[in-house]
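>>> My questions are about this predicted structure, shown below with the sequence.
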Amino acid sequence: MDRVPRASELTTPQLMSLRRIVAGSFTPRRQVNPEHAARLLELELIHISMGGILPTPAGRIVSRL
């Protein structure tokens with residue numbers, strides 16, 4: 001990705017999911033709506049590691065906008 005996505009590219013529920021992920025730093029996959037996670041992955045705002053979801057630096061930026 002060549003740019004940081006805008007918060008306006010997410011639905012309100014997707015943005016709330018991202019904010020929960022950022023607030024927790026590590027979130028088990030089962031605690032995030034799979035459709036929200038797919039969209040956040042597509043925008044490179046999160047990544048999956050060690051069985052959970054972690055925010056990327058871009059995800060931290062977007063969650064605060």
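Thanks, I have the structure now.
>>> Can you tell me the closest non-neighbouring residue to residue 50?
Nearest non-adjacent residue to residue 50, counting by C-beta to C-beta, 6 or more residues apart in numbering: residue 26, 7.8 Å away. The way it works is simple: take the backbone N, C-alpha and C, and place the C-beta from them, glycine included.
>>> Now do the one you found against residue 55, distance only.
Distance of residue 26 to residue 55, given as C-beta to C-beta, to the nearest Å: 9 Å.
>>> Contact partners for residue 40?
Residue 40 makes contact with 10, 14, 17, 18, 21, 46, 59, according to C-beta atoms under 8 Å, 6 or more residues apart in numbering.
>>> Am I right that it falls within a helix?
Yes: when DSSP: H, G, I helix; E, B strand; the rest coil is applied, residue 40 is found to be in a helix.
>>> what about the strands in this protein?
Ranges of strands within the chain are 27-28, 46-49, 52-55, based on DSSP state E.
>>> thinking again about what came up before, looking at residue 26 and residue 55, which is more packed in?
Counted by other C-beta atoms under 10 Å, residue 26 and residue 55 do not tie: residue 55 has more neighbours, with 23 against 12.
>>> give me the beta-bridge partners of the more buried one?
Beta-bridge partners of residue 55, counted by DSSP bridges, are residue 46.
>>> Let me know the distance separating it from residue 37.
12 Å.
>>> who touches both of these two?
With contacts taken as C-beta under 8 Å, 6+ apart, residue 55 and residue 37 have residue 46 as neighbours in common.
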